[in-house]
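A.B. asks: no FASTA, just this:
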């Protein structure tokens, strides 16, 4: 169900060999990231905990990006020696998510600083 197929051969060779490469770990990491982001959004009143959760999701996003860009091509080449792979435009979305998390963390910290400065004025 959740797999990546490594394909060798082609129409010229009239021989197509597909070998599945399991992607369950990627699904688990993505599910954890999604859950952490949803929890971080709902914790807008507790900014310190929100910062911690965003940091955890940043770590998992780095882990996911490393798995996608480093492990998967290595695993495909390891299984099938003469295989090739093609990057698709959708692979930019993990990088966009990483950028969004970095910007969110920056603004959460900025908001926390603003609240602390307002508390000093009281």
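C.D. replies: Ah, there it is. All values derive from a computational prediction rather than experimental measurement.
A.B. asks: need the contact list for the closest residue in space to residue 44 that isn't next to it in sequence.
C.D. replies: For residue 44, ignoring the flanking residues on the chain, the nearest one in space by C-beta to C-beta, 6 or more residues apart in numbering is residue 50 at 6.7 Å. The way it works is simple: take the backbone N, C-alpha and C, and place the C-beta from them, glycine included. Applying C-beta atoms under 8 Å, 6 or more residues apart in numbering to residue 50 gives the contacts 40, 43-44, 108.
A.B. asks: can you get me a residue count around residue 119?
C.D. replies: Residue 119: 8 surrounding residues under other C-beta atoms under 10 Å.
A.B. asks: sorry, wrong one. I was asking about residue 76.
C.D. replies: 19.
A.B. asks: could you do residue 68 as well?
C.D. replies: Neighbourhood size, residue 68 [other C-beta under 10 Å]: 17.
A.B. asks: so for the residue nearest to it when sequence neighbours are not counted, what's the pLDDT?
C.D. replies: Once flanking residues are discounted, residue 68 sits nearest to residue 94: 6.2 Å by C-beta to C-beta, 6+ apart. The score at residue 94 is 91. That number is its pLDDT.
A.B. asks: now do the one 5 residues further on
C.D. replies: What the model reports as pLDDT for residue 99 is 97.
A.B. asks: before we move on, which element is it in?
C.D. replies: helix 93-121 (DSSP states H and E).
A.B. asks: which helices and strands sit right next to that helix?
C.D. replies: Secondary-structure packing of helix 93-121 (3 or more C-beta pairs under 8 Å, 6 or more residues apart in numbering; DSSP states H and E): helix 24-42, helix 47-66.
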